[in-house]
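J.: fold the following, please.
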Amino acid sequence: MTSIDHPDSQTYYHGTKADLKAGDLIEAGYASNYGRRKQAAFVYLTATLDAAIWGAELAMGAGRGRIYIVEPTGPIEDDPNLTDKRFPGNPTKSYRSRHPFRVVGEVADWQGHSPEQLKQMQDHLEHLKQQGIEAIEE
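T.: Numbering: from 1, shown residues only. Coordinates of the predicted model:
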């Protein structure tokens, strides 16, 4: 994993169903948006809008998906769930941190994936769940 101590002027996104406002912090320690909803040891962000859209669409909970523009408050590192053997080189530009992210804005106009793509991804995640494969939370 590569640690990034001082993120550059990159724009980062966080997809969720939580209703937040500018200035709010997204922190570890709450129920995860995914899987068995266990307490999250990390918070996640991405530098691609597509990955954030997946996050907003697949997050558990009521309400509509939302995509926030966020800024890290501490170091971030590659997300091992979407790097290494799965996607060498981190093409999804997905990262995680134990430090909070500050909401600085919201992407109001975004288009989700097609119902077919969403169903295919949900089926894939269900297949992984049945195999006992969950997110890495080391």
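J.: C-alpha coordinates for stretch 52-67, PDB please?
T.: Taking Å, rounded to 0.1, in the frame of the first residue of the first chain, the C-alpha atoms of stretch 52-67 are listed here in PDB:
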ATOM      1  CA  ALA A  52     -18.200   7.200  -6.200                       C
ATOM      2  CA  ILE A  53     -21.400   6.500  -8.200                       C
ATOM      3  CA  TRP A  54     -21.000   2.800  -7.400                       C
ATOM      4  CA  GLY A  55     -20.500   3.700  -3.700                       C
ATOM      5  CA  ALA A  56     -23.700   5.800  -3.700                       C
ATOM      6  CA  GLU A  57     -25.700   3.100  -5.500                       C
ATOM      7  CA  LEU A  58     -24.500   0.200  -3.500                       C
ATOM      8  CA  ALA A  59     -24.600   1.700   0.000                       C
ATOM      9  CA  MET A  60     -27.100   0.300   2.400                       C
ATOM     10  CA  GLY A  61     -29.700   2.300   4.000                       C
ATOM     11  CA  ALA A  62     -32.800   4.300   3.000                       C
ATOM     12  CA  GLY A  63     -32.800   7.500   1.000                       C
ATOM     13  CA  ARG A  64     -31.200   8.400  -2.300                       C
ATOM     14  CA  GLY A  65     -27.600   8.000  -3.200                       C
ATOM     15  CA  ARG A  66     -25.400  11.000  -2.700                       C
ATOM     16  CA  ILE A  67     -21.900  11.900  -3.900                       C
END
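J.: how about the helices in the chain?
T.: Along the chain, counting by DSSP state H, helices occupy 49-58, 115-130.
J.: any chance of the ones you listed in CSV, plus distance to residue 65 and mean pLDDT?
T.: Bear in mind the C-beta positions are built from the backbone N, C-alpha and C, glycine included. Putting these into CSV (distance: least, CB to CB, whole Å; pLDDT from 0 to 100) gives the following:
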stretch, distance to residue 65, mean pLDDT
helix 49-58, 3, 90
helix 115-130, 11, 80
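J.: distance of residue 73 from residue 24?
T.: Distance, residue 73 to residue 24, using CB to CB, to the nearest Å: 12 Å.
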